[in-house]
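Peer 1: predicted structure and sequence below. I'll ask about it afterward.
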Amino acid sequence: MKKLWGGAHREPLSPSAEHYGNSLESDLVFWLEDVHGSIAHAMMLGETGIITKKESALLVKGLKQIVAEGPGKLPTDAEDIHTAVEMRLKKIVGEVAGKLHTARSRNDQVATDTRFYLDGQLRLLEGFVKLLQKKFVAQAEAHFNTLMPGSTHQQHAQPITLGFHLLAHFWALQRHGWRIARLREMQSYSPLGSAALAGTSFPIDRRRTSSLLGFTAPIPNALDATSDRSHVLDALHICAQVMTDLSRLANELVLWSTPEFGWVSLPDSHTTGSSIMPQKRNPDFAELMRGRAGRAVGNYVSVATMMKGLVLGYNRDTQEDKPPLFDSLDLAVASVLLMWEMIAGAKFNTERMAAATRGDFSTATDLADFLAEKGVPFRTAHEQVGKIVRACIDRKIGLEDLTPELLKKIAPKVPKEALKVLDPRASVNSRESEGGTGPKAVAKQLRQAKALLKAEGFKKPY
Ligand code: ARG
């Protein structure tokens, strides 16, 4: 196996040690970022006179050829991507390839590649998050009037609309986008030119390579630049949070598509059958998403544990940040995209949802509020309504089945106009406080949501 070192070694690595340390397979994910990093470095070396203009031009030309021919031509017997690219370059341009690594180390190189790659992946994730948000807004508009039970403790609490419920997911996604945008801003600083740990004696221009690669500025301290992986942890944490929210959403789809609920049906394209039970439509993909959230959390924990206690300066341990990082980014992107498809294809059974708001006593608060508005202290009202609920349960009827006569019998002090607040639609319509489920309040949220979707990227949303 080819290495970029070995002069001081009398004996080669044992094959098992070589195999154990090889990172080429996972590094291939950012081969293009690695080559672009080298192009910027080679240009800067020529501009500063560290190598000649001619040498620089040759290196850049060779590296551009690598970009054009793709990773398929890279050698497979290299220790890592940095070695593979240099070996390929040597095949193309000859001995001058050996000048590319002047004033550079794989320590600043790998740190640069990771940040560069991470930015692209985060941008991709940001874009998909926005796409999913659009689907939520479209479904929320379509279900602006659809009644459903709102729950606390997974027990019917107060009626809401499906539009309101779906917008709650929109806002969770907005926060994810916001987090991603903030991380992109924070991590976009260049380690390149930090060399192994202490900088270099060559008159390099770090600002130039930083701006060539689209970073904001060089990282001020070379030791920090080569040791820091906090942005990797931030990214893993964001992916874990995205997956956690998607798993909650996925669980809703799993539950709501059971015969007991029957609130949603997922399209054939996103359910599977059973090899033994012909009637089955299993929500496998929602289940997998729910399950894979565990993997995303595990990836965060694995890197956090790897970093704990590491002394400053490059440590080979940090090679272990990449497989979990790449896995979590892929997982988050693929899951957001799949959820987009599932939400787009979901058919909500609006009649069943609305029917579920009847007979569930979910307008009991409205009755208590009505009495409180009439001047009864809320605590007393709460108790009076509790008695009414009890009496209804004893008679096996719902609140909305109460007649004026029955109400008079059960609670003589409660006026009969109170009955009009027991309708779930009236209940929803009354909750117009800011952020509430009432139609005006939801219309306002929808306007806010649409304005955010129109805006570029993810700025402070509220
Ligand atoms: N594969 C290594 C990593 O990911 C590249 C840097 C190697 N540096 C070193 N000094 N051995 O961290």
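Peer 2: Nice, thanks for sending it over.
Peer 1: run a quick neighbour tally on Lys408.
Peer 2: Neighbourhood size, Lys408 [other Cβ atoms under 10 Å]: 14. Where you see a C-beta, it was placed from the backbone N, CA and C, and this is true even at glycine.
Peer 1: pLDDT score for it?
Peer 2: We have a pLDDT of 92 for Lys408.
Peer 1: contacts only, for the nearest residue in space to it that is not next to it in sequence.
Peer 2: In space, Lys408 comes closest to Lys416 once its chain neighbours are excluded; the distance is 7.2 Å by Cβ to Cβ, 6 or more residues apart in numbering. Neighbour list for Lys416: 404, 407-408 [criterion: Cβ atoms under 8 Å, 6 or more residues apart in numbering].
Peer 1: was I right to think Leu312 contacts Ala225?
Peer 2: No: in this structure, Leu312 is not within contact of Ala225 by Cβ atoms under 8 Å, at 10.9 Å.
Peer 1: between those two, who's got more neighbours?
Peer 2: More crowded of Leu312 and Ala225, by other Cβ under 10 Å: Ala225, with 25 against 12.
Peer 1: in which helix or strand does that one reside?
Peer 2: Following DSSP states H and E, one finds Ala225 within helix 222-227.
Peer 1: which strands and helices sit next to the next helix or strand after that helix?
Peer 2: Tracing the chain C-terminally past helix 222-227 and defining elements by DSSP H and E, one meets helix 230-256 next. Counting contacts by 3 or more Cβ pairs under 8 Å, 6 or more residues apart in numbering; DSSP states H and E, helix 230-256 packs against helix 106-142, helix 162-187, helix 284-307, helix 322-345.
Peer 1: rebuild those helices as TSV, extending it with mean neighbour count and mean pLDDT.
Peer 2: Below are these laid out as TSV (neighbours: other Cβ atoms under 10 Å; pLDDT from 0 to 100):
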stretch	mean neighbour count	mean pLDDT
helix 106-142	21	98
helix 162-187	20	98
helix 284-307	19	98
helix 322-345	20	98
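Peer 1: let's see the pLDDT reported for the residue nearest to Lys408.
Peer 2: On pLDDT, Lys416 comes in at 91.
Peer 1: same question for Leu4.
Peer 2: Looking at Leu4, its pLDDT is 80.
Peer 1: neighbours around the residue nearest to Gly386 when sequence neighbours are not counted, how many?
Peer 2: Nearest-residue entry for Gly386: Ala364, 8.0 Å, with adjacent residues in sequence omitted and distances by Cβ to Cβ, 6+ apart. Ala364 has 20 neighbours, counted by other Cβ under 10 Å.
Peer 1: before we move on, what about the one 4 residues further on?
Peer 2: When neighbours are defined as other Cβ under 10 Å, Ala368 has 23 of them.
Peer 1: tell me how far it lies from Arg248.
Peer 2: Using Cβ to Cβ, to the nearest Å, Ala368 is found at 30 Å from Arg248.
Peer 1: who's in contact with the residue nearest the centre of the chain?
Peer 2: Note on the chain: the residue nearest the mean C-alpha position is Val242, at 3.4 Å, using Cα atoms, centre = their mean. For Val242, the contacting residues are 125, 129, 176, 296, 332, 335-336, by Cβ under 8 Å, 6+ apart.
Peer 1: need these in JSON lines (columns: distance to Arg182).
Peer 2: Output for those, formatted as JSON lines (distance: Cβ to Cβ, whole Å):
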{"residue": "Leu125", "distance to Arg182": "13"}
{"residue": "Val129", "distance to Arg182": "13"}
{"residue": "His176", "distance to Arg182": "11"}
{"residue": "Ala296", "distance to Arg182": "19"}
{"residue": "Ala332", "distance to Arg182": "16"}
{"residue": "Ser335", "distance to Arg182": "21"}
{"residue": "Val336", "distance to Arg182": "18"}
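Peer 1: now, the most widely separated pair of these?
Peer 2: Based on Cβ to Cβ, the longest span within the contacts of Val242 runs between Val129 and Ala296 and measures 14.9 Å.
Peer 1: what about the residue in the stretch 151-300 of the chain positioned nearest to the ligand, how many neighbours?
Peer 2: For the stretch 151-300 of the chain and the ligand, the shortest gap (Cβ to the nearest ligand atom) falls at Ala196, measuring 7.3 Å. Using other Cβ under 10 Å, Ala196 has 16 other residues around it.
Peer 1: that one contacts Ala103, doesn't it?
Peer 2: No: in this structure Ala196 lies outside contact range of Ala103 using Cβ under 8 Å: 10.7 Å.
Peer 1: tell me which helix or strand the spatially closest residue to Lys99 that is not a sequence neighbour sits in.
Peer 2: Counting by Cβ to Cβ, 6+ apart, Ile51 is the residue found nearest to Lys99 once chain neighbours are left out, at 5.1 Å. Per DSSP H and E, Ile51 falls between elements, in no helix or strand.
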